[in-house]
Each structure stands twice: as C-alpha cells, then as structure tokens.
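Novice: missing the sequence, but the structure's below:
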C-alpha cells in the first residue's frame, strides 16, 4: 500500500540534463514507488494513504548529501566554546574569558576547555599560550582554528602534553619563539600531540551530540553526510563503529558514510570494512590522507611561492607551503587500502598538493563502483583539470570556503586566483563534483553553499563586491546535482540523490523562489529553508507552519 502521495511541483533529478519536474510522487515502505502526472499517482492511493497537496510557491526535491562534513567533530564542537563568526580579536578574547568564568562558577576551575573557530585574519596575527593564560588562568585550553589545521593551546595544556623546547614536530610544526620555547600554536599533525592527553567525551555524550546536530542538519534539508573522519591518533576505528552501532539499533538519524584515517587502516581492513558497504543508514567510507595543510594557516602546498606581500606570511613549512605526506609512503598506504576494497580520499588544497594527490590516485587500483576523491581542490593548475574526469577521480569541493577565504586567496595567491575553486572548468572536463561544507569549519548550510557555486558571491558581502571570477560559476541544475546526485555516485549508490522508482524516500519540501530564480547575489537560494524533511519516508523535520 502507498503510504504517502505528494502532489505539487516535484523536482526529481531523475535524468541528466534537466531538473526533471513532474506533478506528483508516491512513497511506500520508505521508498519512492512512482513519480509522474498527478492523476496517475493519486490513483495508486489506498484508504490509509496520506495526501500532501503542496501550496503554490513550494516544491519537492531530493534531500541534500553533504559530501564533506565532520559529523563527529561538528557534534563534539557544540560541547565547547564557539569562536567562528566573531568580528575581531576583542570578541574572541571576551568569549574565552566568559567560557572560563562560567566553568569556574559551575565548580570547574581547571578542567579542559575546548572549542574552535578562531582565524589568523580575525585575530590579526598568531595568538599565544600567554594570551590564554591571561584569559583562563591555570586552565588547560585547546582551541581549533577555523580550518581545523591549527590548534591554540594554553601553557597548562602544553605542560600536560609535555610540549617543550625538546619536543619533535611530529610531521607538523610547533611554533616557537627565538629561544625555541613553544608559543602555544601547533600546526597540522603536531596538533595530535594534544589529543593523547585530552579527555574524550563519553559514548553517551557523543551519541546525544550527534542526534542534536543531526536535527540541525535535517532542518536544513541535509539527509546524508560523508564524514571524512575525526583526527585519529590511535588504531581504533571509533567513528565508523559508532555510526554502525547507532544504525544497527535504528538510532542513526541521517545517512552517514564514515571514513578512517591512516592510523586506523589495518584495523579497518581486519574488520572487513569496504567502501560503500554497511547496514541501515551507515556506509563505510574512504581512507582519508593529507597532502598539505590549508590556506587559512598558510600551509597549503603551492607549485610557486606565496605572494611576498601577504601580511599573514611567512607560510608554514617554507615559501610554497608544505606537503604533509611524502609521495612514496602516501602511494604505498593508498594502494594498500584500495587493494583491500577501501577507496581513498586525499586532502589537497594548493595546486602542488592537488597534483601530488592526482599522481597517487592515478597509480593505485580502482575500487569497483566507487570513486577515489580529492578533498577541497581549492587551487588547481590548468594542466591538471582534465585529469579528474579522465581518471574517474571526484573533486570534492566546498564552494562556501570561497566566501570565507576570498581575502586570503587574493593576498596569498595573487594572480593565481583565477584558478581558485575552478568549478566550471572541472565540470566542463566532466568531473564529478560532490559538494560539501566542511562543517564545523564552515556552517553546514547547503543553500549558502549552492549559492556560492552558482553566483560566486556571498549574500553577506557588500552589494558593490563583484562576483569572484564569475566565469567559474556552474548552473543551478549542475549545482543541485552536485549536492544530491554526485555524492551518491561517488559512494557507488546511484539510487540515492534522485526521486525515481526504487530510490529511498529521502526528500525535502522547500519554498521554490530560489529555484525559479537564484536572485540577485543568490539571496533567495542562500536563504532557502525546508518546510519538511523526510528520510526513508519518515518525517524527521517539519516546520510549525507547514500543514499540507
């Protein structure tokens, strides 16, 4: 029996080349059973079928899959102090001071204080342990930067982690003063030194945080995520196991494909992990490797040096940034994963890192039905654009980073900026473009992300600010496919991301102003908010004013 019939404007994305509008969709047992003309679909209804007749100005579309969202990390971040979006150094200082005071008032004078969101540009320079010592005296503090490639630690945190003049950089970088004393800023893999001494949230705290964060996601229309993994320091495959247990108990609130890090690879292979396989709403993800750092921390690896006039210089690791993984060992571990059925995703932001990642992924075996992928691809040399499609490698991009990084792009990359976020060029070459937001680095809002892909601008920018290299924008139809269909193809599950017979009934009801006309600077599209969200045919979000 058909459980639900929705009549209105239905965007199916069923076939390439169009949005695929039909008049109605029918749902039974958590799956789409038919789409088509209204009378034909309504004829499938039985006496217990629910009917939704959508008002004018709304439409149904597939749920969004965020192809790069650190679900475990984003959920955990809600337990700490949030510094993202604060206007300046004074506001960051005040937030940390207030968080410390609140903890003291609650009877916790010296427990760990964690958080994230600060940036180099926001603070006007690198902070120090001395700063934190003044704001939170005696407390161990560890705060991720906006890009989660740098950590800012207090003197108490450095002492507990035994980070001193004699400490090794562990493949990353410990910032030091002229006497070699650590300043409190740790880059790349050096950040993991703190993980070894910091207390972990309990299983109950993590599960509760994931459920709360998933509620935020479904309210935005996100029905699935590809989680590239927490920053692992041990062999346990904690993230995937956590999601698998929730899925087995029927408690995983959204679809999750969860990746592992290099230290977890052998455990994952021994456990039989294979990309795309899973149970319920859980799927095994990729092996996540790193080729470089980030633009925000000036550690992205470039083919040519950073701009000499960049006030945030000098770059971390050398004039052209840093490759964080040598090519030979990276290729070896990637090949080990691929030959065991685990596809590979490599973080590559600068053009040198993207090239190094392509070199590795082109040499290793392909995993049947699943795409290897490069995460971010923020700067791509023109000679490398065609290699993505030619080798079946997905460009997992986050257009929302453009909005946050545009100033840094111009300062740090100069004339190379026309090759930043080259969505149109990658699309013209035939590449898969699974879109993500990189939350909690950015907001998980998929509509701002779509607007950035289509308009190459941010509604928050000044009205006089021109689009950033508008020639690299993609069409609305292509952006919607990149947000819904491409993540499914990358994972090897073509049934997802479309509304057609046999597909899971993961769908959202939205006001369609942003789809009819992306609007001036993408205002309508960027501010879209779902009226209802369904996963497996179950209503997981419903706006209080939506009564179809």
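Specialist: That came through fine. Just so you know, these numbers come straight off a predicted model, no measurement behind them.
Novice: Give me the below-cutoff pLDDT ranges for the stretch 1-150 of the chain.
Specialist: Filtered on pLDDT under 70, the stretch 1-150 of the chain yields no residues whatsoever.
Novice: just the strands in it please.
Specialist: Remark: strands of the stretch 1-150 of the chain, listed N- to C-terminal, are 4-11, 21-28, 31-36, 50-53, 58-62, 64-66, 81-82, 113-118, 141-145, 150-153; assignment by DSSP state E, counting those that start in this stretch.
Novice: Tell me which residues of the third one come out buried.
Specialist: Right, the one you point to is strand 31-36. When neighbours are counted by 16 or more other Cβ atoms under 10 Å, the buried residues of strand 31-36 are found to be 31-36. Yep, even glycine has a C-beta here, placed from its N, CA and C like the rest.
Novice: tell me the secondary structure for residue 426?
Specialist: On the three-state scheme (DSSP: H, G, I helix; E, B strand; the rest coil), residue 426 is labelled helix.
Novice: could you pull out the helices for the stretch 101-250 of the chain?
Specialist: Along the stretch 101-250 of the chain, the segments classed as helices by DSSP state H, counting those that start in this stretch run 120-123, 129-135, 155-160, 192-195, 203-219, 238-248.
Novice: let me fix that: the stretch 301-450 of the chain
Specialist: With DSSP H, counting those that start in this stretch, the ranges of helices along the stretch 301-450 of the chain come out as 327-339, 351-363, 385-390, 400-413, 423-428, 446-455.
Novice: Indicate which one of the helices of the stretch 101-250 of the chain is closest to residue 4.
Specialist: Of all the helices of the stretch 101-250 of the chain, helix 203-219 sits nearest to residue 4, with 17.1 Å by Cβ to Cβ.
Novice: Which residues are in contact with the spatially most central residue of the chain?
Specialist: Centroid-nearest residue in the chain: residue 438, 2.4 Å away (criterion: Cα atoms, centre = their mean). Contacts of residue 438 were listed using Cβ atoms under 8 Å, 6 or more residues apart in numbering, and they are 68-70, 376, 398, 400-401.
Novice: could I get those as CSV with distance to residue 416?
Specialist: Output for those, formatted as CSV (distance: Cβ to Cβ, whole Å):
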residue, distance to residue 416
68, 23
69, 28
70, 28
376, 15
398, 19
400, 20
401, 16
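Novice: Can I get the buried part of these as one PyMOL selection?
Specialist: For anyone working in PyMOL, the buried entries among these, judged by 16+ other Cβ under 10 Å, can be selected with:
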select buried, resi 68+69+70+376+398+400+401
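Novice: just the helices of the stretch 301-450 of the chain: most buried one?
Specialist: Ranked by mean neighbour count under mean count of other Cβ atoms under 10 Å, the helices of the stretch 301-450 of the chain are led by helix 446-455, which reaches a mean of 27.
Novice: and it, what does it pack onto?
Specialist: Taking 3 or more Cβ pairs under 8 Å, 6 or more residues apart in numbering; DSSP states H and E as contact, the helices and strands that helix 446-455 lies on are helix 400-413, helix 476-491, helix 523-526.
Novice: got a list of contacts for the last one?
Specialist: If you take Cβ under 8 Å, 6+ apart as the criterion, helix 523-526 is touched by 447-448, 450-451, 454-455, 458-459, 476, 513-515, 517-519.
Novice: now for those residues, which pair is the farthest apart?
Specialist: For these, with distances taken as Cβ to Cβ, the pair at the greatest spread is 458 and 515 (19.3 Å).
Novice: Quick check: residue 94 vs residue 78, distance?
Specialist: Residue 94 is 20 Å from residue 78, where distance means Cβ to Cβ, to the nearest Å.
Novice: now swap in residue 317 and tell me
Specialist: From residue 317 to residue 78 the distance is 32 Å (Cβ to Cβ).
Novice: Neighbour count: these two, which is higher?
Specialist: residue 317 (21 against 13; other Cβ atoms under 10 Å).
Novice: quick one, what contacts that one?
Specialist: The neighbours of residue 317, taking Cβ under 8 Å, 6+ apart as the test, are 173, 293, 299, 301.
Novice: May I ask which of these has the most neighbours?
Specialist: The residue in the contacts of residue 317 with the most neighbours, by other Cβ under 10 Å, is residue 293 (30 neighbours).
Novice: between the helices of the stretch 301-450 of the chain, which gets nearest to residue 204?
Specialist: Residue 204 lies closest, by Cβ to Cβ, to one member of the helices of the stretch 301-450 of the chain: helix 446-455, at 29.1 Å.
Novice: Return the angle between stretch directions for the closest one and helix 203-219.
Specialist: Between the axis of helix 446-455 and that of helix 203-219 there is an angle of 50 degrees, by axes from the mean of the first three to the mean of the last three Cα atoms, to 10 degrees.
Novice: For helix 446-455, give the mean pLDDT please.
Specialist: On average, the pLDDT along helix 446-455 is 95.
Novice: do the same with stretch 228-239
Specialist: 71.
Novice: Now do that stretch: distance from first to last residue.
Specialist: End-to-end distance for stretch 228-239, by Cα to Cα, to the nearest Å: 10 Å.
Novice: for stretch 70-84, same thing?
Specialist: 16 Å.
Novice: which residues touch it?
Specialist: Contacting residues not belonging to stretch 70-84 are listed as 92, 95-96, 99, 113-118, 122, 143-144, 146, 148, 201, 205-206, 209-210, 212-214, 225, 227-231, 239, 242, 256, 258, 438-441, 444 [Cβ under 8 Å, 6+ apart].
Novice: mind redoing it with 6 Å?
Specialist: Stretch 70-84 is contacted by residues 92, 95, 99, 114-118, 146, 209-210, 213, 225, 227, 230, 239, 439-440 when judged by Cβ atoms under 6 Å, 6 or more residues apart in numbering.
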